[in-house]
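Student: below is the structure, and that's it, no one-letter string:
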Ligand SMILES: *Cc1c(COP(=O)(O)O)cnc(C)c1O
């Protein structure tokens, strides 16, 4: 029998929960494996920390969301939001599941084509498209979602000298009952700006209005907001059809579905408050089907769901560096996972789990990263069992936005591995090293000696 670990006894003031005669019951269950791979072995083989992406979780989410929408609406198409996770291997899983590409920069546009996406199935969003980018995208027949009037006029000017019509949609912002309302992107619905843009496009012989687009926000917990948005989109499509005898080919409802991560300051855990894909699908398709659009004219419904499809598939596995007791008496646990690689720790109370079996004793702990920066805190206060230096820790649900908003600050970005559906592990992004940076930097001749 393995010798049990000694833990120094501590006396804690009971602060929360309904205590029995032994105090408040609280137990943190360890996470020893990810898709059948022992976390200790992942660290041994790939270094610490390491990002792990679960292929089967991604594929399952894709199928769940496709089922939720396709049983409720005749024509549905998903597009993968590259900025949510742009790693080629990850994007290709989504493309294999039938997703188009949704990009918001030329970098992402080039990545999408590099991943074999048909340019006609690339949705080019964002407020920052340049003239030459627009021209190339129009020539390749991509779907251009216009953000503002200056972009619209630029496209009209560019299209005059091109042999083909530009395929365009407009991004629309609107009041859906959620606050703060996103008003920065696209044309406003309520003040008539969106209708004005539709009329300008329909009156230009060089543009083809193929769709209408909205993306009302992110981590939206209200499904009703999507119902309001879909009704307004349908209304605009109907008005366009009446005036110009032209029904748009698609209505793109954007992304923004919540995940089961818990927002900072939330009273209840995200797993309790997050609507299901069926809830969102019910709100959106209900509004579209009840609109005045005739059944034979129903446009394709496009969704650009990002975080809700990938968050659960991502893990960050790291190692405990040390424990210390701060002047306040609170325990601090230092890990090798910093906020530079866990950008979402600024919004979420991430689920942090021990990677080794633990006892039922836990203590109020501040979990910190390795950076020499006061803000490098993963959890301000979490009841956590005592781990030893060298023990693994696992952070769950980090698949969205961390592998794109990561910063190369103080330390190298770690390796990313994919846990495949057949039990294999593949490296999908190498850990950075000094060479990565030498390749980019230039030292002027006069500083070389
Ligand atoms: C970021 C973004 C998405 C994805 O948003 P999520 O909140 O991650 O679902 C979709 N569409 C557009 C236009 C975006 O900018």
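Tutor: Cool, got the structure. Only a predicted model underlies this, so the values are computations on that prediction, with no experimental measurement involved.
Student: contacting residues around the residue lying closest to residue 58 once chain neighbours are set aside?
Tutor: Spatial nearest neighbour of residue 58, chain neighbours left out: residue 313 (4.6 Å); criterion: C-beta to C-beta, 6 or more residues apart in numbering. C-beta here means a position set from N, CA and C on the backbone, and glycine is covered the same way. Neighbouring residues of residue 313 by C-beta atoms under 8 Å, 6 or more residues apart in numbering: 53-55, 57-58, 61, 399.
Student: how about a cut-off of 7 Å?
Tutor: With contact set as C-beta atoms under 7 Å, 6 or more residues apart in numbering, residue 313 has these partners: 53-54, 57-58, 399.
Student: give me the mean pLDDT for stretch 358-374.
Tutor: Here stretch 358-374 scores 94 as its mean pLDDT.
Student: ends of that stretch, how far apart?
Tutor: One end of stretch 358-374 sits 29 Å from the other (C-alpha to C-alpha, to the nearest Å).
Student: just to revisit the earlier point, which ones among the contacts of residue 313 are found in strands?
Tutor: Counting by DSSP state E, the contacts of residue 313 place 53-54 in strands.
Student: and the contacts of the longest strand along the chain?
Tutor: Ranked by residue count and defined by DSSP E, the top strand of the chain is strand 314-325. By C-beta under 7 Å, 6+ apart, the surrounding residues in contact with strand 314-325 are 34, 39, 42-43, 48-53, 331-337, 341-342, 355, 370, 386-399, 402.
Student: from the residues you listed, which land in strands?
Tutor: Among the contacts of strand 314-325, the residues falling in strands (DSSP E) are 34, 50-53, 331-335, 392-396.
Student: which of those sit farthest apart?
Tutor: Greatest spacing in the ones in strands among the contacts of strand 314-325, by C-beta to C-beta: 53 and 331 (31.4 Å).
Student: neighbour count winner among the two?
Tutor: residue 53 (28 against 17; other C-beta atoms under 10 Å).
Student: and the residue of the stretch 101-250 of the chain found nearest the ligand, what are its phi and psi?
Tutor: Of all residues in the stretch 101-250 of the chain, residue 218 sits closest to the ligand, at 3.4 Å by C-beta to the nearest ligand atom. Backbone torsions of residue 218, given as degrees, to the nearest 10, read phi -130, psi 150.
Student: count of residues packed around it?
Tutor: Neighbours of residue 218 under the rule other C-beta under 10 Å: 18.
Student: again with residue 36
Tutor: Residues near residue 36, counting by other C-beta under 10 Å: 8.
Student: from residue 412, how far off is it?
Tutor: Between residue 36 and residue 412 the computed distance is 28 Å (C-beta to C-beta, to the nearest Å).
Student: ok, the closest residue to the ligand within the stretch 1-150 of the chain - contacts?
Tutor: Residue nearest to the ligand within the stretch 1-150 of the chain: residue 81 (3.7 Å; C-beta to the nearest ligand atom). Residue 81 is in contact with 102, 255, 304, 306, counting by C-beta under 7 Å, 6+ apart.
Student: also near the ligand: which of those, exactly?
Tutor: Checking those against the ligand by C-beta under 6 Å from any ligand atom, the ones in range are 102, 255, 304, 306.
Student: so how do I select the buried members of the ones in strands among the contacts of strand 314-325 in PyMOL?
Tutor: Buried residues within the ones in strands among the contacts of strand 314-325, by 16 or more other C-beta atoms under 10 Å, are selected in PyMOL with:
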select buried, resi 34+50+51+52+53+331+333+334+335+392+393+394+395+396
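Student: tell me the one of the ones in strands among the contacts of strand 314-325 nearest residue 5?
Tutor: Set against residue 5, the nearest of the ones in strands among the contacts of strand 314-325 by C-beta to C-beta is residue 392 (14.9 Å).
Student: return the residues in contact with the closest one.
Tutor: Counting by C-beta under 7 Å, 6+ apart, residue 392 touches 39-40, 43, 317, 319, 355-356.
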